[in-house]
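A.B. asks: here are the coordinates; sequence isn't available:
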DNA sequence: ACACTATGTCAAGTATATTTTACAAAAAGT
DNA sequence: ACTTTTTGTAAAATATACTTGACATAGTGT
């Protein structure tokens, strides 16, 4: 399942996947894969993403299936 | 840094590390390492732990350094 | 039409999360 | 004291997160 909350939070700050990848020091493909939803990042990466986007873990990575 | 919130939440339910490990289907050493704080679990594992312990990601895995 | 940026995706490699087996020691029970 | 459970820790193997390099496509701007 896609992570649309992440995609939206990034778009709200007008950042590209590359911008976000640079700020959290991972590759663009990693950001793409997380948004696409086909894998399972580490909690440290999730925390870094949250800090850059000004969100909490619950806001971006808690699933409401 | 140790994850004392996880340790406390587990203790509050009177579960051993082994009990929690069984419920989230990982090894006891993995739970131990997470509580000890010397590594970096995946978000799916964090979510599983939260669900078993009745907590959210922010409650157990958001750091207030 | 042409350049440029942003996104989606793939395959091969590297780093690291997690397992398995094992041992030691502290805590709890009898 | 003894047994049993719980926890801390370590080393070697396996699974998988993440990187690098590359190519294709859609969108935007000139």
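C.D. replies: Done, it's in. All of these numbers come straight from a predicted model, not from anything done at the bench.

A.B. asks: when you work out contacts or count neighbours from here on, use the C-alpha atoms and nothing else.
C.D. replies: OK.

A.B. asks: flag the shaky bits of chain A, pLDDT-wise.
C.D. replies: By pLDDT under 70, the low-scoring segments of chain A are A:64-65.

A.B. asks: from the chain's centre, how far out does stretch A:1-12 sit?
C.D. replies: Centroid separation between stretch A:1-12 and its chain, computed with C-alpha atoms, centre = their mean, to the nearest Å, is 7 Å.

A.B. asks: what's in contact with it?
C.D. replies: Outside stretch A:1-12, the residues within contact range by C-alpha atoms under 8 Å, 6 or more residues apart in numbering or on different chains are A:16-17, A:20, A:34-38, A:53, A:59-61.

A.B. asks: can you name the residues of chain A that neighbour chain B?
C.D. replies: Chain A has residues A:40-44, A:46-47, A:56-58, A:61-62 near chain B, with proximity defined as C-alpha under 8 Å from any C-alpha of the partner chain.

A.B. asks: helices of chain A, start to end?
C.D. replies: Here chain A has its helices, by DSSP state H, at A:4-12, A:17-24, A:28-36, A:43-53, A:57-61.

A.B. asks: just to revisit the earlier point, emit the PyMOL select command for whichever of the contacts of stretch A:1-12 are buried.
C.D. replies: The following PyMOL line selects those of the contacts of stretch A:1-12 that are buried, judged by 16 or more other C-alpha atoms under 10 Å in any protein chain shown:
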select buried, chain A and resi 17+20+34+35+53+60+61
